[in-house]
Every structure is written in C-alpha cells, then in structure tokens.
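Visitor: Sequence first, then the predicted structure, then my questions.
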Amino acid sequence: MKKRDILLITDSHLTEHCPERAVFRSLLEKISRSDYDVLFLGDIFDVWIGCSGYETSVHQEFMEWCSREKKKRNLWFIEGNHEFYISRNRSEYFTEVFQDHAFLDDGALFAAHGDRINHHDTAFALLRGCLRNPLSYFVVKLFGYTGFGTSFSGEVRKDLRTTNQKQKHYFPEAELQALDQVLKSKNVTSAVVGHFHRSGQSGIIQILENFTEGQYTVGVYESGKGIRTFTVHELFGVLE
C-alpha cells in the first residue's frame, strides 16, 4: 500500500441509540470515498467487549465497514479503556490492533489512547487489571453464552463512568511533559493521544478532542509535516 495521510479519530463513545451514531456512520461513508488511512485511538464505543454475546448492531455495523475498508486502506486500532479483547478476538478487522500504543510511519509517529499516562489513577489501574486478566477473560467469555452479555456490558459501562471521578478531571501535564522528552529521545517527531476529552498540546504531543463534543473534531497526520486538527465539516463538508 502507498503511504497516505492518516485520519485520527478518538473517543466517539458510540452506543446503540446515541445521536453521534448517525454522524459517525456518515463519517465512515465519507472516509470510504477518501484516500486516507485511519487510526482509531480508542473509546470508539462506550463499551466494546470483543466476545460473542456482548456486541450489538452498532459494533456489527462498524466491523462490517472495517472488513470492507481494510482491503483498500490501512486501518489501525488502539484499545481504549472502554474496549476489551479486541486485539485478542477482533484483530481480523484491522491492519493491526494495539493494546497500549503504536509507532507508525517508521517510528516518526507515536500514538496512544492516553488512559495510562496518569499514573496517579490507581483505582482505574485496579479496575483495568481486574477486567483484563486471563481469569476475567475466561469468565467474561463464558458469561457471554448465557444471554446476559449486553446487561454485563451495561454494568461495565457504569463502573467505567463512576470509578475515581476526581482523577477523571485531573490533566497529567507533568506526565505528558515527561513522555514528550522520552519520545523526542527516540526521534519521534509527532505524537497524538485522546482520552482526556479536550484539545491541547504538550511539546510534540497533540491531545485530540473527543468526537462527541463540539464540532466533531478529527486529526490528520501527514508524514514529515505533523498533525493538524479539523472539524469533520472542514474536512469532508456537511455530514448527512
């Protein structure tokens, strides 16, 4: 495949009936007619458990789109803190799935969801460990066959939204500055994270605003030139 600009999308937090779903569907249709590669930076869904019995039409619609588009462009996916077992069970829909972070464009671009940058959020780290260990996977997979998978997903969503609210509003500027220095030492020239539901910049690190607020922000990485942010209206015109 030829080297293309990379479209960056994060934190759409899609659910079955959210208003953003129609906008996101329209965005995917526009991408299908574009020449972009795509990097999904995580939390594309409010909860995505990649096991039988947990996925609904909103997940199926996305996977069907990815299955078609993977033949035409690179599709990368980084697991956010609202996605589970995607690298293990749904990797066939993407060029590559990353559990934590990715280095693309021969190492010039670093990308991560961003949820692991705040080392002070111990409550979230504990929840992450509980949900992602091998025993939990076995239980989750088994529970999916009972018909209560979507109910379980709802409980996970509730836990993710209520765990350690104080840390959710903490912006880890010092940790981002430290990461910036590490990345520069590795000759990374551009970096992008999501997760914080705000826009910003820390050295070479671009913090990309979530897709569900404002004017539906996305990023575009161009090799050798860095990252620019756009609203989808600026990039693709009006989404129907």
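Guide: Everything's here; your move. Numbering: from 1, shown residues only.

Visitor: Would you enumerate the residues in contact with residue 58?
Guide: 14, 15, 16, 21, 45 (C-beta atoms under 8 Å, 6 or more residues apart in numbering). To be clear about C-beta, it is placed using only N, CA and C from the backbone, and glycine gets the same treatment.

Visitor: okay if I get those as CSV plus distance to residue 207, neighbour count and pLDDT?
Guide: Shown next, in CSV, are the contacts of residue 58 (distance: C-beta to C-beta, whole Å; neighbours: other C-beta atoms under 10 Å; pLDDT from 0 to 100):
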residue, distance to residue 207, neighbour count, pLDDT
14, 21, 23, 95
15, 24, 17, 93
16, 28, 12, 93
21, 24, 17, 93
45, 21, 24, 96
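
Visitor: where's residue 177 relative to residue 209, distance?
Guide: Residue 177 sits 20 Å away from residue 209, going by C-beta to C-beta, to the nearest Å.

Visitor: Revised request: answer the last question for residue 105.
Guide: In this view, residue 105 and residue 209 are 22 Å apart by C-beta to C-beta.

Visitor: Looking at those two, which is more packed in?
Guide: Using other C-beta atoms under 10 Å, the more surrounded residue of residue 105 and residue 209 is residue 209, with 22 against 18.

Visitor: For the contacts of residue 58, could you give me TSV that also reports secondary structure and distance to residue 142?
Guide: Formatted as TSV, those follow (DSSP: H, G, I helix; E, B strand; the rest coil; distance: C-beta to C-beta, whole Å):
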residue	secondary structure	distance to residue 142
14	strand	26
15	coil	25
16	coil	24
21	helix	30
45	strand	22
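
Visitor: Apart from its chain neighbours, what residue comes closest to residue 103?
Guide: Using C-beta to C-beta, 6 or more residues apart in numbering and skipping the chain neighbours, the partner closest in space to residue 103 is residue 110 (5.8 Å).

Visitor: That neighbour against residue 185, yeah?
Guide: No. Counting by C-beta atoms under 8 Å, residue 110 does not reach residue 185; the two are 11.8 Å apart.

Visitor: want to throw the contacts of residue 58 into TSV with distance to residue 228?
Guide: Converted to TSV, the contacts of residue 58 look like this (distance: C-beta to C-beta, whole Å):
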residue	distance to residue 228
14	24
15	29
16	32
21	26
45	26
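
Visitor: Can you tell me the SS state at the spatially most central residue of the chain?
Guide: With distances taken as C-alpha atoms, centre = their mean, the residue of the chain nearest its centroid is residue 42 (1.2 Å). At residue 42 the chain is in coil, as set by DSSP: H, G, I helix; E, B strand; the rest coil.

Visitor: ok now do it, which residues does it touch?
Guide: By C-beta under 8 Å, 6+ apart, the residues touching residue 42 are 10-11, 77-83, 113-115, 194-195.

Visitor: And residue 54, by the same measure?
Guide: For residue 54, the contacting residues are 140, 144, 149, 150, 152, 153, by C-beta under 8 Å, 6+ apart.

Visitor: Out of the helices and strands in this protein, which is least certain?
Guide: helix 165-168 (a mean of 52; mean pLDDT, DSSP states H and E).

Visitor: List the contacts of the very next helix or strand once past it.
Guide: Next helix or strand after helix 165-168 toward the C-terminus (DSSP states H and E): helix 173-185. Contacts to helix 173-185, defined as C-beta under 8 Å, 6+ apart, come from residues 110, 117, 118, 119, 191, 202, 203, 204, 205, 207.

Visitor: quick revisit: for the nearest residue to the residue nearest to the centre of the chain once chain neighbours are set aside, what are phi and psi?
Guide: Distances taken as C-beta to C-beta, 6+ apart place residue 80 nearest to residue 42, at 2.5 Å, with adjacent residues excluded. Residue 80 has phi and psi values of phi -90, psi -170 when expressed as degrees, to the nearest 10.
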